[in-house]
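Chemist: Here is my input; please provide its structure:
(chains A and B)
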Amino acid sequence: MKEKKISPIDLLMLFPGVGFILLFIGSSIFLTLVQSFGLFSITGKSVFTLENWKAILQARESMDSLFFSLKMGLLSSVGTVVVAFPIALFFRKGGTGKGILGSIIKMPLFIPALVAAFLILNLISYSGLVNTVLMRLNLINEPLRMLNDKFGWGVVFIQIWKNLPFVLLIVMAALASIRDDTIDAAKNLGAGYWSILFRIFVPLAMPGILVSMILMFIKAFGDFPIVSVAGPIYPASMAARMHIMATIYQEWDQAAVLGVIIIVTAFIVIWAYSRFAELAKGEV
Amino acid sequence: MSNLKITNLTKRFSEVLAVDNLNLEVADGEFVTLLGPSGCGKTTILRTIAGFCNPDRGEIFFGDKIMNNIPPNKRNTAMCFQSYALFPHMSVWDNISFGLKMQKISRQGQKKKISQVMEMLGLEGLEKRKPGQLSGGQQQRVALARAIVTEPKILLFDEPLSNLDAKLRVQVRIEIRDMQKRLGITTIYVTHDQDEALAISDRIVVMERGHIEQLGDPYNIYRNPETSFVAGFIGLANIYEGTVVARDGSRYTVEAPFGKVVIVSDGRKIPEASKTVKFVWRPEDMKIYIQGAPNRVKGKILQAVFMGNITDIFIDVQGNKMRAQIDESRKLIAGDVIEFSIPEDAFSILRG
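Modeler: Got it, this is the predicted structure:
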């Protein structure tokens, strides 16, 4: 069949959506990029320079922030999928009570990230509920430091809690598309529970798993509110570092460098995902 | 000894009684078809044999071993699904090797068996293709290869040909039967297609509403149906009721709404004189009347459909509709009056 040509009317109809993206998002990405090289600076100056990049790449704080954000992105995305997958498998088969359970699980989806962080704060703070219970049960002698910990486990925990329903929806949709016949065929050919899980469910749900991991990674990598509340005192996340650079040090062009690094990282992750997805499909 | 035995099998899905106290024995290497309309319980029986479905009551035996509590992956059955149920993310080779991997067969052993099966089913050259890149017929063959490569104790087919076009259906069913005979695997085949059942089976189990209506070889099922359901479900049928008015050895005279007919039947089925009987004959048994032929019926043609090798005729005999299929070459026209005869041994007495 011959492909239909796009008419001027089609383009006109696309304009409100695509035009907005190109105009405002595209232009702001472009401005951030040129500002990182000293052009069209917010301060009014416009001189090409590599000094901003040098300053950021040579500063230990920036590199620590980059690695910290990468770590948070990776752990949060893997963690959320690992937690969400068994729940999604459980929900794959309908049953009594699953409707209510599903609604409860989806609740964090409607709570803003900052509020979520404060809610979890009450649970895992030094004198929070988890520590109190563990102490009462004599399982620990002194409270665990789960919040503002140096590693960032508190952030990972909140990220997983906050984003679980979102990932759950994607993974559930991926699992729902697997036919019961396919599972029965595997059982019939002698596959036990683990074989079915790793040879059928996981590979067939892989597109959904990859999409949720990439979205989660980008969210957690560029996160500001959760790290601000529950993250370590040092290092700051990339977004927090960008905020500090711009508002405290007034180094807007260096903040733009950090912005470019966040955007480029996101693009690299998306590219890696698309390669991996093709590889999983066997098209490479 | 029978290879598969089902005793008193009952299965209910909420309000629906899917299988009602069913008993069946299948001999080693036998090809048995479960035939019936949608919802008659045939697929439930198949799924129970495979272990996907637990019976409410009754037992499933493989040989003398009771299988009720054995999970599907430990039963050594192999099923071909209506949807083929191939693993979409795996190549043809990986699909076929799946069962062998589960059996922990060595790589070398897998290679040998898979190559043999692929050659037998004409799948060479498709090893690296994904199911989505295959035609319906090829997918069906891969499903078949995947099932037989594990050398199962029992092979199960759930309407495996219903997604193929008519020509391919005939071709694949011949292949299935050939392959089954060659390997001698006990096979249970589910279908609602009577032609398929007649062509492929050693025995046919005709089912309705969860119970067996009749069990027998294809010839008997077609020639000697026991109930009006079987007569009507398999092939075309003229079914009438009449009263036995006279008996002469194995010849019975029955007063039917369209006149008297003489029926030759084995005495087992015919009730005593003056009792009502239901009987059936096939449209192809009706012959154009020639002098001296028995059971002469005269009627008006309502419709005559020329179908090439035969002409399908609907006739009205004193207000009673009948169907005849004859290989008469002359053109028959609606409104013509025509005389038929029905051979005395063409009738079957029905029990209900």
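Chemist: Low-confidence regions, the chain specifically.
Modeler: Defaulting to chain A. Where chain A drops to pLDDT under 70, the residues are A:1-3, A:94-97, A:280-284.
Chemist: hmm, I had chain B in mind actually
Modeler: B:1-2, B:266-274, B:329.
Chemist: where's the one residue sitting closest to the centre of chain B, which helix or strand?
Modeler: Centroid-nearest residue in chain B: residue B:197, 2.9 Å away (criterion: C-alpha atoms, centre = their mean). Residue B:197 is part of helix B:194-200, with elements assigned from DSSP states H and E.
Chemist: Can I get that helix in CSV? Just the C-alpha atoms.
Modeler: The C-alpha trace of helix B:194-200 is given here as CSV (Å, rounded to 0.1, in the frame of the first residue of the first chain):
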residue,chain,number,x,y,z
GLN,B,194,-17.4,-33.8,12.0
ASP,B,195,-15.5,-34.3,8.8
GLU,B,196,-12.2,-33.9,10.7
ALA,B,197,-13.4,-36.4,13.3
LEU,B,198,-14.5,-39.0,10.7
ALA,B,199,-11.3,-38.7,8.7
ILE,B,200,-8.7,-38.8,11.5
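Chemist: Could you please name the strands whichever helix or strand comes after that helix pairs with and the direction of each pair?
Modeler: Downstream of helix B:194-200, the first helix or strand assigned by DSSP H and E is strand B:203-208. Strand B:203-208 sits in its sheet next to strand B:31-35 (parallel), strand B:211-216 (antiparallel), going by DSSP bridges.
Chemist: Could you check how far the shortest one is from the centre of its chain?
Modeler: Chain-centre distance of strand B:31-35: 6 Å, with C-alpha atoms, centre = their mean, to the nearest Å.
Chemist: just to revisit the earlier point, touching the helix holding residue B:197 from outside, list them.
Modeler: B:31, B:33, B:35, B:161, B:169-170, B:173, B:176-177, B:189, B:191, B:204, B:218, B:221-222, B:233-235 (C-beta atoms under 8 Å, 6 or more residues apart in numbering or on different chains). (Glycine included, C-beta is placed from N, CA and C.)
Chemist: repeat that for 6 Å
Modeler: B:33, B:35, B:173, B:177, B:191, B:204, B:218, B:234 (C-beta atoms under 6 Å, 6 or more residues apart in numbering or on different chains).
Chemist: which helices and strands does the regular element (helix or strand) spanning residue B:93 pack with?
Modeler: Residue B:93 is located in helix B:92-102, with elements delineated by DSSP H and E. Counting contacts by 3 or more C-beta pairs under 6 Å, 6 or more residues apart in numbering or on different chains; DSSP states H and E, helix B:92-102 packs against helix B:107-120, helix B:136-148.
Chemist: Quick check: buried residues in the last one?
Modeler: Put plainly, it is helix B:136-148. Using 16 or more other C-beta atoms under 10 Å in any protein chain shown as the test for burial, helix B:136-148 gives B:137-148.
Chemist: got it, and stretch B:98-118?
Modeler: Here stretch B:98-118 shows B:98-102, B:105, B:110, B:113-114, B:117-118 as buried, counting by 16+ other C-beta under 10 Å.
Chemist: Identify the residues contacting it?
Modeler: A:189-191, B:96-97, B:124, B:145, B:149-150.
Chemist: counting residues per helix, which one in the chain is longest?
Modeler: The chain I'm using is chain A. helix A:60-92 (DSSP state H).
Chemist: nope, chain B please
Modeler: Chain B, longest helix under DSSP H: helix B:166-183.
Chemist: Report all helices and strands that the following helix or strand past that one contacts.
Modeler: Later in the chain than helix B:166-183, the nearest helix or strand by DSSP H and E is strand B:186-191. Packed against strand B:186-191 by the contact rule (3+ C-beta pairs under 6 Å, 6+ apart) you find strand B:31-35, helix B:42-50, strand B:154-158.
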